[in-house]
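> here is my input; please provide its structure:
(one chain, ligands or ions: 2)
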Amino acid sequence: MEGPKEIFLADYKMPYYFFDMVDLKVALREDKTTVLSRIVVCPRVDGMQLPLVLDGHDLKLISIKVNGKEVEKECFQLTPQHLTLLSPPSSSFTLELETEIYPLKNTTLEGLYKSSSTFCTQCEAEGFRKITFYQDRPDVMAKFTTRIEADKELYPVLLSNGNLIDQGDLEDGRHYAVWEDPFKKPCYLFALVAGQLVSTDTIFTTQSGRQVSIHIWTPAQDACKTAHAMYSLKAAMKWDEEVFGLEYDLDLYNIVAVPDSRGAMENKSLNIFNSNLILASPETATDADYDLILRCIGHEYFHNWTGNRVTCRDWFQLSLKEGLTCFRDQEFSSDMGNCGVNRIANVTSLRKHQFPQDAGPMAHSVRPHSYIKIDNFYTATVYEKGAEIVRMYDTLLGKSGFRKGMDLYFQRHDGQGVTCEDFFAAMCDANGAKFSNFLLWYSQAGTPVLKVASSYDFEAHTYTLKFMQQIPPTSGQPVKEPMLIPVAVGLLGSNGKDIPLTSVYNKESMLTFGSKDRPVSTAVLHVEKEEEEFIFSNVPEKPVPSLLRNFSAPVHLVSDISDDELFFLLANDSDEFNRWDAAQTLARNLILSLVDHAQKNQALIVDTEFVSGLKSLLCDPNLDKEFIANAITLPEEGEIMDLMDVADPDAVHRVHYFVRKHLASELRTEFLRAVENNQSSDPYEPIHEDMARRALKNTSLAYLTSLEDPDMTELALNEYKSAANMTEQFAALAAIAQNPSDIRTEVLSDFYQKWKANDLVINKWLALQAYSDIPGNIKNVQLLMQHPSFDIHDANKVGALIGGFCSCLVNFHAKDGSGYEFIGDVVLQLDKLNPQLASSMVSALSRWKRFDMGRQALAKAQLERIIACNGLSENVYEIVSKSLANSSMGDSSI
Ligand code: TRP
Ligand code: ZN
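Ligands and ions are numbered 1, 2, ... in the order given. All right, here's what the predicted structure looks like:
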């Protein structure tokens, strides 16, 4: 048997054989599907006599021919993972393979499977090998033609990549369609769909006048919920033309919504999405859903250039397409909505998902050095930290320099599979820039700690910032090198305004910003060394520094800024992100000190200045309402725990709850006013102004109901009853559901009765109950697993209920280990059905070393129990074995 095998970047070799053309014939049938594949194979070097190794999983080989002749038994080798042609011809030849597959038995959501009544595929990363034997690697790129055959009544719509070139009827009520994709592509971008679907259609005219037919395919009853997805796609197409000069390259763009799939997938001209990332109506989707749909539609569309036209050489380069495309979707969302608020959302997500990963046993660099299952590396590190790396080029080069770099990247690499170095080289070469130690961002894991000390010279009118960077050790990387960190800095004068910056010196050079007559308010410092000093001249008074503006690098900033200075920044900073971050830092400091008090059984007291700081934000009519909602929201419990030497979920939860309640009671009048002033009976629109209004109202309502005051519950109940859209209805439900009460029970059941026919809404209802911090809620979660609305075969439901439960600190980390044991049980059950999903669930246990000895022992016992099981998937094996082996290496508090 071929056991779990680690694959290393350092072992990369070019393929011995290229595939030129691929002709697929897929005959879909319920019991078995046959796949005929005809491939034109070219040896990379003519005359080479090396075996051709094809990947294949769960396939039944029926026949194999070379140049039309059946291959003799002794000329090939078949193992559970591979088909090897031992001595193929030494120059171009055609290879014909016939295989059988059983899509109805496939519960893994990769390869060819059935989602509800639709046949669909998911090939990224390595799913194509479950459809037919192939060199399943992204540096093998071919032109695909696909003929699909199926029953006409059950599967009237047959789709694949590219253009429809032929279709017609066959005997026995069957029909066929032939699709041809003119662009070479890796097989991970192959897709096929067959089902009873209807399309919502429109036409987009590109800047050069190409008429693109757009179709969004859904079951008939959902066609009424595609308007926002359609709007989002057209907006994305236009944005990419305007911002990057990138145009769509075919006459057809299909998007299919299916209930079962992991996220969304950028298959060439045939995107396949989970329904929850397409379908929206004001009654059933929240503002957050609308935002997510915009982002995801944009993300998959942007992949057409960053991922498809220019693809990855190998899977280690995953961030080349994902980091870049994630950056592009962030910028798109930002341009379509509010940029400050979007940046806050990006960084909140990075801190919540990526920073903990970078500090734990699964820490890996943005470009991993090795993996067992690449599926496990579709992580916050590859996507979000990867996007931060791309953003740093943008910060260092400016918008126009970044655009030049992008242009050169496409000019050089269109049609190729490339590496992160190629992207770096295009950025540098297009700008004549040399970023000496920047590439280390791709290879060094761990979040850098950037310490800053400041001093002002009253006589010389100079202001000095001294930086020290340290990157914590992570598994396999005990020692790190310093790397280039762009630090955007502004200096505030006592009037609260930015002091104009003209020049700054470090030891070697003088950097000049603007000029004497055209000074700048923000300077981007290039911090490159372990220790480095920057001296600003012409600073007339001792300033308050605004550091790392707009979060210019993904680091932990540790500065000597006092709380008083933070309050000053909170009130005055021209950088919206840093205003918000000042509030977050103040809240973190406060909560951490109260946690210390709580652990010592001392009284909990909230600083009045903190309350009044938030109060002035809440009452400031000039601020964006969504910004206010973000600024008055406390950092999450998990973020606080990560700052402790030994994470104490009970103390953190108690303090967090206390501070929330305290704010609610101190600012009750202001919160009530915010709820009242932000009501509206206008029809729902997913535009920033309205979303911001709802965000402020809903945040305020949640504070008020935390008071457990019957009047406030009544207020929320009225909101629930009168809500005309899901955003407000669900927010009111969540507000009421914070505390146990009869009303809670009634409203939850009322909501279920209203929405039980709508899976997407019911998933919200499941998640809300799952992450509830009501003591002992695990019992309710276990009951919900038996509820008619739950189905362990449905990945969305598992994500909602099980994923929701893992995100509830107090109950998941219950002292008695009940949460850990529950997850252990579920993971073992899920691993048989869907290994990718099982491994994402088991990740919740990976940071067990962060806790006290009692919890450590209980969590470790579950990991050991899982790894002792026979027949474990490689996906789960990788996470569990690394969680056990690397636990002491990476895992530290921040
Ligand atoms: N490339 C997809 C994206 O745009 C990621 C993805 C979607 C994926 N579904 C998947 C990766 C299934 C692996 C397996 O982000
Ligand atoms: Zn992507």
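> and the gap between S494 and N601?
42 Å (C-beta to C-beta, to the nearest Å). All C-beta spots, glycine's among them, are computed from the backbone N, C-alpha and C.
> before we move on, what about A223?
Going from A223 to N601 by C-beta to C-beta gives 60 Å.
> neighbour count: the two, which is higher?
More crowded of A223 and N601, by other C-beta atoms under 10 Å: A223, with 17 against 6.
> what sits against that one?
V198, S199, T200 (C-beta atoms under 8 Å, 6 or more residues apart in numbering).
> host element of the last one?
Following DSSP states H and E, one finds T200 within strand 198-205.
> average pLDDT across that strand?
Rounded to a whole number, the mean pLDDT of strand 198-205 is 98.
> what's the first-to-last distance across stretch 261-281?
Counting by C-alpha to C-alpha, to the nearest Å, you get 21 Å between the two ends of stretch 261-281.
> which residues of the stretch 451-600 of the chain lie near ligand 2?
For the stretch 451-600 of the chain, the contact set with ligand 2 under C-beta under 5 Å from the ion is empty.
> filter the contacts of A223 to the buried ones?
V198, S199, T200 (16 or more other C-beta atoms under 10 Å).
> can I get the residues you listed in TSV including distance to T286?
Putting the buried ones among the contacts of A223 into TSV (distance: C-beta to C-beta, whole Å) gives the following:
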residue	distance to T286
V198	25
S199	26
T200	22
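> tell me the bridge partners for T34.
A27, E100 (DSSP bridges).
> that one touches I62, doesn't it?
Yes. Between T34 and I62 a contact is recorded at 7.3 Å, counting by C-beta atoms under 8 Å.
> of the two, who's got more company?
Neighbour count, other C-beta under 10 Å: between T34 and I62, T34 has more, with 16 against 12.
> leaving out the residues flanking it, which one is nearest to A844?
Spatial nearest neighbour of A844, excluding adjacent residues (C-beta to C-beta, 6 or more residues apart in numbering): C806 at 3.9 Å.
> where's the one you found relative to W848, distance?
Distance of C806 to W848, computed by C-beta to C-beta: 13 Å.
> again, but for R38
Counting by C-beta to C-beta, the gap from R38 to W848 is 51 Å.
> more neighbours: which of these two?
For R38 versus W848, the count of surrounding residues by other C-beta under 10 Å is larger for W848: 24 against 16.
> who's in contact with that one?
Applying C-beta under 8 Å, 6+ apart to W848 gives the contacts R855, Q856, A859, K860, L863, S883, S887.
> quick one: which of the residues you listed is nearest A10?
When the contacts of W848 are compared for distance to A10 (C-beta to C-beta), S883 wins out at 24.2 Å.
> now do the phi/psi pair for the closest residue to M406 other than its chain neighbours.
Among residues not flanking M406 along the chain, F244 sits closest, at 5.8 Å (C-beta to C-beta, 6+ apart). The phi/psi pair for F244 (degrees, to the nearest 10) reads phi -120, psi 0.
> quick one: contacts for F244?
Counting by C-beta under 8 Å, 6+ apart, F244 touches W305, R328, R403, M406.
> count the residues that sit near the nearest residue to the first one once chain neighbours are set aside.
Right, the one you point to is W305. Distances taken as C-beta to C-beta, 6+ apart place L246 nearest to W305, at 4.9 Å, with adjacent residues excluded. L246 has 23 neighbours, counted by other C-beta under 10 Å.
> and the strand ranked longest in the chain, what other elements does it pack with?
Taking DSSP state E as the criterion, the chain has its longest strand at strand 174-186. Counting by 3 or more C-beta pairs under 8 Å, 6 or more residues apart in numbering; DSSP states H and E, the packing neighbours recorded for strand 174-186 are strand 141-151, strand 157-160, strand 163-169.
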